[in-house]
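[1] Build me a structure from this.
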Amino acid sequence: MKPFALAAALVIAACPVAAHDFGFAGVLSNTNTGEMPEITLSVGKPLADGPITLKSGMLYELEIEADGSGELGLEGPGFFRAIWVNEVVVNGLEIRPYGVESVEFDEEGTMEIEFLAIKPGQYYLKIPGSTGESQRVDITIQ
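    So this is what the prediction gives:
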């Protein structure tokens, strides 16, 4: 029985969760949140000020604001597969989707996507069908 107790103690000591005190809500606690710049959807204007860097295991809130200057959307299937979406909030309505492939705004409005960054890598969000550098934002998950 002693070898089992020793092995269990080693597993618990090596567990990365044991090294963090995330609190009652675990990875969704407010001590595990990161800041993310807002993305703006507007005809002829850049999506963001520059590339975005996120840390895997951190909770973020992506705020997307559309000014209504055109019917615009965002796509980034690689990015949306590298995150776990906790909720999408539109006009105060909370949606808890299984996954997201893209979003679209037909008129002026704001959308918030709360997510947990999971898979490290290089990703992007862009306006579908666009080719301009400013119509795309590169996102790195470290």
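
[2] Show me where the chain has its strands.
    For the chain, the strands defined by DSSP state E cover 39-41, 52-54, 59-66, 72-75, 83-90, 93-95, 102-105, 109-117, 121-126, 136-141.

[3] Can you get me a residue count around Gly129?
    8 (other Cβ atoms under 10 Å). C-betas here are computed from N, CA, C, even on glycine.

[4] swap in Ile64?
    22.

[5] Now do the contacts for the residue nearest to the spatial centre of the chain.
    The centre of the chain sits closest to Phe115, judged by Cα atoms, centre = their mean, with a distance of 4.3 Å. By Cβ atoms under 8 Å, 6 or more residues apart in numbering, the residues touching Phe115 are Leu59, Tyr60, Glu61, Leu62, Ile83, Trp84, Val85, Asn86.

[6] Just the buried ones from those residues?
    For the contacts of Phe115, a burial check counting by 16 or more other Cβ atoms under 10 Å picks out Leu59, Tyr60, Glu61, Leu62, Ile83, Val85, Asn86.
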